[in-house]
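Chemist: Build me a model from this:
(chains A and B)
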Amino acid sequence: MTLLRLPSPTAPARPAARTPARRGRAHRRPRVLIAVTGLFFALLYLPIAVVALFSFNSQKSLTVFDGFSLRWYRAFAHDEVLLASLGTSLRISLVAMAGSLLLGVALALGLVRCRTRLGSLAGLVMLVPLITPEIVTGVASMLLFKGLGVPLSTGTVMLAEITFSISYVTVVLRSRVAALNPEVEEAAMDLGATRWQAVRLVTLPALLPAVLASAVLIFALVFDDFVLAYFTTGVDPQPLSVRIYSAIRFGVQPTINAVGTLMLAGSIALIALALFIPRLFGRRGGLDLFSGK
Amino acid sequence: MAPLRPSSRPRRRDTDGTRVWTWLMLPGTIWMTGFLIASLVLVGVLAVGTTDELGNPRFGFDLAGVRALADPAYTEVLARSLGYALLTCVVCLLIAYPVAYTIALHGGRYKHALIAAIVVPFFANYLVRMYGWSVVLSDDGPVLRTLRAVGIADAGTKILHSGFGVVAGLVYGFVVFMIIPLYAALERLDVSLIEAGRDLYGGPVRTFFFVTLPATRQGAAAGLVLVFLPAMGDFVSAQLMGGPDQIMIGNLIQDKFFQGQNWPLGSALTMLLMLVLLIGMLGYLRRTRKDEAEARR
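Modeler: Numbers count the residues shown, from 1 in each chain, chains lettered A, B, ... in the order given. You can find the predicted model right below:
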């Protein structure tokens, strides 16, 4: 398994000037800034904490905590409609994950290595969802299905989610592919492997940590997605977030606190997992989600 | 073992490789073109089309949808959306800059943990976060109760069901998009520049405005675009945090497709939204091109 330890040129070179020893008086502790940051973190987590706290409330109130109880979790466990929605969301996420990985990994490999005009055009197409607000992509997907005469259903949500997850997989994996040393692949070919064998036996294993991490991310993102699902879903058990949307629009429903808390915990666990997967494989640093384009 | 030859691979293999990469690229590209590009084109086509009695799109050339955009009711919503989205950008910048600055320059070894702590809740369900935020800002929620206890707010002060509530929702939803690029820019900032500013007897304020801020301008610009895009298209915040007189263009689009069943008008509104965002994007690209050209000189 030494193949997994390919040289990784993306390891960020740390600027030497940032060692604490060299910090001069420009770096006295700025109390005001730290206070602002503290307040920011408090407000960032307050809503999440409130939802979690009141999911354990014994009463219906969202302002007075009466005592600890699991009644809203029990209510969720007996709510057939919400459970069916949960099942729908899980199925959509799994299908979108598999589909977008299959297409996205191949696309990322092709985009980085293919230096034709078609390649750069495909690279542009792939960026479109990232600069289009979700409501536009939602409306557009819905119109496409309606225009083709395809009735909206769980299946149409799956198709739409795959489409938009592909760009995500590609963006995350592109920098990883670019960081791979193509000479290792060519060495495999010098040793008698065909191009396909080299990709399958050398490149893909080297990409595995990043692929697994993006799989987990896609699952979490699709499971939580609301706008796209809202525009492309039919009447069969709607995805959980669409169900939550219709519930919270019509006033407070404490069961939603319980569902929301479970979803928050699930997403946070998945994201933590995705961030740690590359480390499990002995690589330095986590997955670069935002800057490594 | 014979050393690898790093350069001059045989030509045959290069062309062979290109074919393999093209084949790998093709399915994803076809899929994206078929679903994404085609669907976006369809929005444009339907904006000048009509629908039959059942609401199914019918293609033709009818400018009724586009002409309806001139209705003052819609221009008012568009103006409000622009205002709220821009205000959201400004507020996000004002919040994100000190936070990103503190973490990047004073975070020490907790830097990565702190950034992760900002990013992780962002991946949690948007609706649940927004719903929690609306509870927090509600009339007897913790924020207003604290403000009343301190004496900043009085009994009549409201946050929800006002334009202020909508902007608060948008800021909460998208502030992370501002923090990440700013943090990346501040991380790259050469600290000795700040020290040089101090050595040249610039006070903290002058050093900030003449050194730190210009050096991180690109991060701020990227953040502004990243916040403006989703804020402009959002319809949840206005629904949960605002009242009927605070609707944004996203709510209008949603309404035309689900309640009003006026799809040509909905498509025309969607195209209008795209157009506004496109203008914003082009402005951003021109700005960064200019910056890059200046940096190269």
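Chemist: Which helix or strand contains the spatially closest residue to B:Lys111 that is not a sequence neighbour?
Modeler: Closest residue to B:Lys111 apart from its sequence neighbours, by C-beta to C-beta, 6 or more residues apart in numbering or on different chains: B:Ile103 at 5.8 Å. To be clear about C-beta, it is placed using only N, CA and C from the backbone, and glycine gets the same treatment. Assigned by DSSP states H and E, B:Ile103 belongs to helix B:72-106.
Chemist: for the stretch 101-250 of chain B, what spans make up the helices?
Modeler: Taking DSSP state H, counting those that start in this stretch, the helices of the stretch 101-250 of chain B run over residues B:111-123, B:126-136, B:142-150, B:163-188, B:191-199, B:204-207, B:213-215, B:217-233, B:236-241, B:249-258.
Chemist: Could you export the ones you listed to CSV, including columns for distance to B:Ser267, mean pLDDT and mean neighbour count?
Modeler: Output for those, formatted as CSV (distance: least, C-beta to C-beta, whole Å; pLDDT from 0 to 100; neighbours: other C-beta atoms under 10 Å in any protein chain shown):
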stretch, distance to B:Ser267, mean pLDDT, mean neighbour count
helix B:111-123, 31, 89, 17
helix B:126-136, 25, 91, 25
helix B:142-150, 39, 87, 14
helix B:163-188, 24, 95, 23
helix B:191-199, 50, 79, 17
helix B:204-207, 50, 81, 14
helix B:213-215, 41, 86, 13
helix B:217-233, 15, 93, 22
helix B:236-241, 20, 92, 26
helix B:249-258, 8, 92, 22
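Chemist: can you put the ones you listed in JSON lines and add distance to B:Leu40?
Modeler: Below are the helices of the stretch 101-250 of chain B laid out as JSON lines (distance: least, C-beta to C-beta, whole Å):
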{"stretch": "helix B:111-123", "distance to B:Leu40": "26"}
{"stretch": "helix B:126-136", "distance to B:Leu40": "23"}
{"stretch": "helix B:142-150", "distance to B:Leu40": "40"}
{"stretch": "helix B:163-188", "distance to B:Leu40": "22"}
{"stretch": "helix B:191-199", "distance to B:Leu40": "43"}
{"stretch": "helix B:204-207", "distance to B:Leu40": "46"}
{"stretch": "helix B:213-215", "distance to B:Leu40": "37"}
{"stretch": "helix B:217-233", "distance to B:Leu40": "14"}
{"stretch": "helix B:236-241", "distance to B:Leu40": "22"}
{"stretch": "helix B:249-258", "distance to B:Leu40": "14"}
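Chemist: Once you drop chain neighbours, what's closest to the residue in the stretch 151-297 of chain B positioned nearest to chain A?
Modeler: Nearest residue of the stretch 151-297 of chain B to chain A (C-beta to the nearest C-beta) works out as B:Gly233 at 3.0 Å. Counting by C-beta to C-beta, 6+ apart, A:Pro133 is the residue found nearest to B:Gly233 once chain neighbours are left out, at 3.0 Å.
Chemist: so what's the one you found up against?
Modeler: A:Pro133 sits next to B:229-230, B:232-234, B:273, B:277 when contact means C-beta atoms under 8 Å, 6 or more residues apart in numbering or on different chains.
Chemist: how much distance is there from the helix holding B:Ile103 to the middle of the chain?
Modeler: 9 Å (C-alpha atoms, centre = their mean, to the nearest Å).
Chemist: what angle separates that helix from helix B:217-233?
Modeler: 140 degrees (axes from the mean of the first three to the mean of the last three C-alpha atoms, to 10 degrees).
Chemist: Identify each buried residue in helix B:72-106, please.
Modeler: B:74, B:77-78, B:80-82, B:84-89, B:91-93, B:95-106 (16 or more other C-beta atoms under 10 Å in any protein chain shown).
Chemist: Up against chain A, what does the stretch 151-297 of chain B have?
Modeler: By C-beta under 8 Å from any C-beta of the partner chain, the residues of the stretch 151-297 of chain B that approach chain A are B:172, B:180-181, B:184, B:188, B:190-192, B:194-195, B:197-198, B:207, B:229-230, B:232-236, B:239-240, B:250, B:253-254, B:257, B:263, B:266-267, B:270, B:273-274, B:277, B:281.
Chemist: and with 6 Å instead?
Modeler: B:180, B:184, B:191-192, B:194-195, B:198, B:229-230, B:233, B:250, B:270, B:274 (C-beta under 6 Å from any C-beta of the partner chain).
Chemist: how near is the residue nearest the centre of chain B to B:Gly169?
Modeler: For chain B, the residue nearest the mean C-alpha position is B:Val227 (2.8 Å; C-alpha atoms, centre = their mean). Noted for B:Val227: a distance of 13 Å to B:Gly169, by C-beta to C-beta, to the nearest Å.
Chemist: cool, and B:Leu36?
Modeler: B:Leu36 is 28 Å from B:Gly169, by C-beta to C-beta.
Chemist: and what of B:His112?
Modeler: 29 Å.
Chemist: repeat for B:Pro214
Modeler: 32 Å.
Chemist: Kindly report the same for A:Phe56.
Modeler: 25 Å.
Chemist: do the same with A:Gly192
Modeler: A:Gly192 is 60 Å from B:Gly169, by C-beta to C-beta.
Chemist: max-length helix in chain A?
Modeler: helix A:80-113 (DSSP state H).
Chemist: Quick check: buried residues in that one?
Modeler: A:82, A:85-86, A:88-89, A:91-93, A:95-97, A:99-101, A:103-113.
Chemist: go on, stretch A:267-275?
Modeler: For stretch A:267-275, using 16+ other C-beta under 10 Å, the buried residues are A:267-268, A:270-271, A:273-275.
Chemist: before we move on, what about stretch A:239-249?
Modeler: Per 16+ other C-beta under 10 Å, stretch A:239-249 contains these buried residues: A:239-245, A:247-248.
Chemist: how deep is the nearest residue to B:Ile159 once chain neighbours are set aside tucked in, by neighbour count?
Modeler: Take B:Ile159 and drop its neighbours on the chain: the residue closest to it by C-beta to C-beta, 6+ apart is B:Leu137, 4.4 Å away. Number of residues near B:Leu137 (other C-beta atoms under 10 Å in any protein chain shown) recorded here: 25.
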